[in-house]
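Undergrad: predicted model and sequence below, questions to follow.
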There are 2 protein chains.
Amino acid sequence: MVVQSVSELPLAKDFSSFISVEASARKKSPLKSLLVFMKGNMISLGGGLPHPSTFPFTELSSVVKSAPAGTTALKDTKKENIETVSVPLDPTDGKVESLAASLQYGGGLGMPSLRNFCKTHIESMHKPQYQDWEVIMTCGNTDSFTKALALLLNRGDYILIEKWAYPTAMETIEPLGITAVPIPVDGEGICPKALRQTLDNWGSEPHQTPENKPRVAYLVPTGQNPTGATMGLQRRRDIMAIAQQHNLIIIEDDPYYYLQFSIDDGWMPSLLSLDTDGRVIRLDSFSKTLAPGCRVGYATMNKQFREYFQFHTEVTVQQPSGFSQAVLAEMLVGHWGQEGYTRYLTERVRIEYLNRSKFLQSCLRKYVNSELISFVEPSAGMFIWLKVHVEKHPRHGQVTDSALMLELFNACIAEDVLLTPGWQFSTKPKPQNADLSKVQEFWFDDEATFLRATFAYADFPQMEKAAQSLGVAVTKAFAA
Amino acid sequence: MVVQSVSELPLAKDFSSFISVEASARKKSPLKSLLVFMKGNMISLGGGLPHPSTFPFTELSSVVKSAPAGTTALKDTKKENIETVSVPLDPTDGKVESLAASLQYGGGLGMPSLRNFCKTHIESMHKPQYQDWEVIMTCGNTDSFTKALALLLNRGDYILIEKWAYPTAMETIEPLGITAVPIPVDGEGICPKALRQTLDNWGSEPHQTPENKPRVAYLVPTGQNPTGATMGLQRRRDIMAIAQQHNLIIIEDDPYYYLQFSIDDGWMPSLLSLDTDGRVIRLDSFSKTLAPGCRVGYATMNKQFREYFQFHTEVTVQQPSGFSQAVLAEMLVGHWGQEGYTRYLTERVRIEYLNRSKFLQSCLRKYVNSELISFVEPSAGMFIWLKVHVEKHPRHGQVTDSALMLELFNACIAEDVLLTPGWQFSTKPKPQNADLSKVQEFWFDDEATFLRATFAYADFPQMEKAAQSLGVAVTKAFAA
């Protein structure tokens, strides 16, 4: 591969026609225009910043694990080293913002040191193939997804989505008056052929018009929730080719990217890294790698999109918490560095989930009849998508597949193992006025013959016991 | 006043017809329905929580100022005492959540200990006059305001607003396709007579129909930004009477509530405290009292509204930062307590701004010709709204008032003092395609004969110098 200098890369294409009605109406705040005067002897009575003397916080620190093969002198491989991360008090010291700056109002882009760290990380991990990409800090990927939708879609629009999606995605899309267009998936995620067919044939149904042809696809390419599917490189290339051909914007929601179990051939290229047009909005999160409580993530997109995204951020959350950003900045920039962070992801986070995945899979193989329940081995993420072979059930055809799945779910509960019902990930519209809380009486969508299992949280003896119980529950449910 | 027990208070009225199309489509996440099974010997492979062993943070602490008349043994009145606030490591200890809980995913309501603290604070400060009010944590009042709008208003709707409003309010409202209906204000804020007239006469203009009659008013009742106006008690009662008569929901955005300069007769009752129907959504923020970088606030509203507000929170920010909430919870619940917090607000924050307000006012009186620039003495907040008497200008009538204001603004810049142009707070639609960043060439709205000054941030010598410079600039501008 020939390494190109940034200046040789193309600029992003013009996607201004993709901006929603709402986003088009967003403008730079006039208050910002006053900043140009703040030089020389100018005294400002203009801004509205609270006085720092009223802030009670005078120091902020966290004890954190050292990055593996660490930044400290100790090299005890058996136990994890720790170090104290203190947000600097002196604004002129160090490479990260002072506590006073972290506690004050800031711009909508997020704290510069942390944002630059994330930008450098994106540069080295994903090597975007166009010049004018930018990074903005967010309150995590749910916040980012909402803002990406607001940026691109109007009420009445359609969005392409994997046939099985995590519930929050649908709960975000539907109230905005956006309709999900589910695309079939296989063990490698969204199927290019089906995606192409949907787009080629758009117009064949009465509600489909040239005007409402989908312009946006929402994809979770790595360790997808719930299917656990990871798109292979060719699959990614195929999807990007379709995106170019049909001029789609791709929202690449990739919180599980660093939970790739095999990186012998390197990390799987992201969709961002295959994008030469600036049509991918990539969403990264610290929730699955450092802690969900940070409520910090970041989004990478072309400069034009970033601007509207920033305006939206400024009038909603303004920016992520200064406490979170300050601790993250000091840990990442001041202590771990880029290499330490990558080592932490690779050697701690990734390995933890790899071991957990392997263990739950071995338990499932040991205790659960694979004729009745099968799964595609996940190569990333937190989930195993259990396919229930209802066609093997003695009463198959006499009652609905939904009824059989509900029986199995209740058999699991009776055996003290809880799995997430497959219908909760259905992208079909749910029945009106259905009481979704009555999960022991409710199963809609006959195609949802799945249960989602996670290996992320339970301890190993619990996972073994759960697999055993599932084995018993399946045997009992299929015996009746 | 007869103290009523909570059970004697009425329930909130039914405001279900106020819920927007978007909010009506929000539902409880089906994932939540699985929590009921988590008892006895149940093992869950259902949830999607990351494993805490992957979180690098092992301790979190902040050194904070002690609450006045303090909680520590030291009682040195000259210097502020400090104490160390450590987020507890042990989940079974103390009254606040452990670090592990703070770092994990949580519910959309916010951390229970902090939310309960805020609820108790609301109870004691505002004594809501109906039973079923609730509190939800937010990422600050901009986040709350966005969610309140999404809860109540559809594209095409109208909202009542003070004639002069801070720019973010308009920047939030307009892109949502909501039209602001500005109501005249005086030194006590929004004018009841004008508000009543607008509502009584709705329908007299072509675009006004019974269907689009405003159902929501957005008000900043205390130390309003930019006017500095604080509604007196009778004014508040009048507004609430109109709200009842015309069945309005009031969004009470009250970040400056604790910056009341005279509390000899007690704190001014909030609109929430006068609301017997559950028609006030009250927005509180820690940004002006503890630090904007917290990005934490809370909203108080009737139970039905809270539910939809929570669903929206869960699919966007999920909840405020765990770092922020944990430090706040430990400081407020574990150290300061309700009384300490109120003392901090009363004796530290309020007094700081009171002193600053007095000082800037004295400087303005000393250096600025009060025939040319006058102001209503603010009784709360951070701002002084300077009325420029353009009618006294020698060229008044020969050029527009906007042109005269622009000259004055430029004269101020030439004298090295920056004030915020009054037009930036105009609630009139701004000219299409205007370049709002060219503040030295742009002034729209001939009624915006104001400059906003803040006493919140500059130090005292700077404030004096700024007032002097303003005096010179005004004299020069009015001489020409």
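TA: Alright, I've got the coordinates. Residues are numbered from 1 along each chain as shown, chains lettered A, B, ... in the order given.
Undergrad: and the one residue in the stretch 151-300 of chain A that gets nearest to chain B, backbone torsions?
TA: At 2.6 Å from chain B, residue A:293 is the closest residue in the stretch 151-300 of chain A, using Cβ to the nearest Cβ. In short, each C-beta sits where N, CA and C put it, glycine included. Phi and psi for residue A:293, reported as degrees, to the nearest 10, are phi -60, psi -20.
Undergrad: OK, contacts around it?
TA: By Cβ atoms under 8 Å, 6 or more residues apart in numbering or on different chains, residue A:293 lies in contact with B:102, B:103, B:104, B:105, B:106, B:321, B:322, B:323, B:326.
Undergrad: between these, which sits nearest residue A:128?
TA: Among the contacts of residue A:293, residue B:321 lies closest to residue A:128 (Cβ to Cβ), at 28.4 Å.
Undergrad: what's the longest helix in chain A?
TA: Counting residues, the longest helix found in chain A (DSSP state H) is helix A:460-479.
Undergrad: how's chain A carved up into domains?
TA: Domain segmentation of chain A under automatic domain parsing yields A:94-340, A:352-479.
Undergrad: dump those domains to a markdown table, plus mean pLDDT and distance to residue B:341.
TA: Shown next, in a markdown table, are the domains of chain A (pLDDT from 0 to 100; distance: least, Cβ to Cβ, whole Å):
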| stretch | mean pLDDT | distance to residue B:341 |
| --- | --- | --- |
| domain A:94-340 | 97 | 17 |
| domain A:352-479 | 97 | 36 |
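Undergrad: what residues are up against the nearest residue to residue A:303 once chain neighbours are set aside?
TA: Once flanking residues are discounted, residue A:303 sits nearest to residue A:132: 4.4 Å by Cβ to Cβ, 6 or more residues apart in numbering or on different chains. Residues in contact with residue A:132 (Cβ under 8 Å, 6+ apart) are A:11, A:12, A:278, A:302, A:303.
Undergrad: can you tell me which of those residues are buried?
TA: A:12, A:278, A:302 (16 or more other Cβ atoms under 10 Å in any protein chain shown).
Undergrad: what segments of the stretch 251-400 of chain A are helices?
TA: With helices called from DSSP state H, counting those that start in this stretch, the stretch 251-400 of chain A shows them at A:303-314, A:322-329, A:337-343, A:350-367.
Undergrad: mind giving me the packing neighbours of the longest one?
TA: By that I understand helix A:350-367. strand A:383-388, helix A:460-479 (3 or more Cβ pairs under 8 Å, 6 or more residues apart in numbering or on different chains; DSSP states H and E).
Undergrad: for that helix, buried residues please.
TA: By neighbour count with 16+ other Cβ under 10 Å, helix A:350-367 contains the buried residues A:350, A:352, A:353, A:354, A:356, A:357, A:360, A:361, A:363, A:364, A:367.
Undergrad: does the second one really touch residue B:52, like I thought?
TA: Looking back up the chat, that one is residue A:352. No. At 10.4 Å, residue A:352 does not count as touching residue B:52 under the criterion of Cβ atoms under 8 Å.
Undergrad: quote the end-to-end distance of stretch A:436-449.
TA: In stretch A:436-449, first residue to last residue: 17 Å (Cα to Cα, to the nearest Å).
Undergrad: who touches that stretch?
TA: Stretch A:436-449 is contacted from outside by A:387-390, A:400-403, A:405-406, A:409-410, A:413, A:421-423, A:425-426, A:428, A:430-431, A:434-435, B:27-28, B:30, B:32-34, using Cβ under 8 Å, 6+ apart.
Undergrad: same check on stretch A:92-108?
TA: Under Cβ under 8 Å, 6+ apart, the answer for stretch A:92-108 is A:49-50, A:52, A:55, A:57-60, A:87-91, A:111-114, A:136, A:310-311, A:313-314, A:318-319, A:322-323, A:325-326, A:329-330, A:333-334, B:287, B:291-294.
Undergrad: close to chain B, is the top strand by length along chain A?
TA: Of all the elements of type strand in chain A, the one with the most residues (DSSP state E) is strand A:57-65. Yes. For strand A:57-65, a contact with chain B is found by Cβ under 8 Å from any Cβ of the partner chain, at A:57, A:58, A:59, A:60, A:61, A:62, A:63, A:64, A:65.
Undergrad: ok, which pair from those residues is furthest apart?
TA: The distance between the two most remote of the residues of strand A:57-65 next to chain B (Cβ to Cβ) is 25.6 Å, for A:58 and A:65.
Undergrad: those two - which one has more neighbours?
TA: residue A:65 (20 against 14; other Cβ atoms under 10 Å in any protein chain shown).
Undergrad: list the residues that contact the more buried one.
TA: Applying Cβ under 8 Å, 6+ apart to residue A:65 gives the contacts A:80, A:81, A:82, A:344, A:348, B:56, B:58.
Undergrad: for the residue nearest to it when sequence neighbours are not counted, list the residues it contacts.
TA: Excluding the flanking residues, the one nearest residue A:65 by Cβ to Cβ, 6+ apart is residue B:56, at 4.3 Å. Applying Cβ under 8 Å, 6+ apart to residue B:56 gives the contacts A:64, A:65, A:290, A:291, A:331, A:344, A:348.
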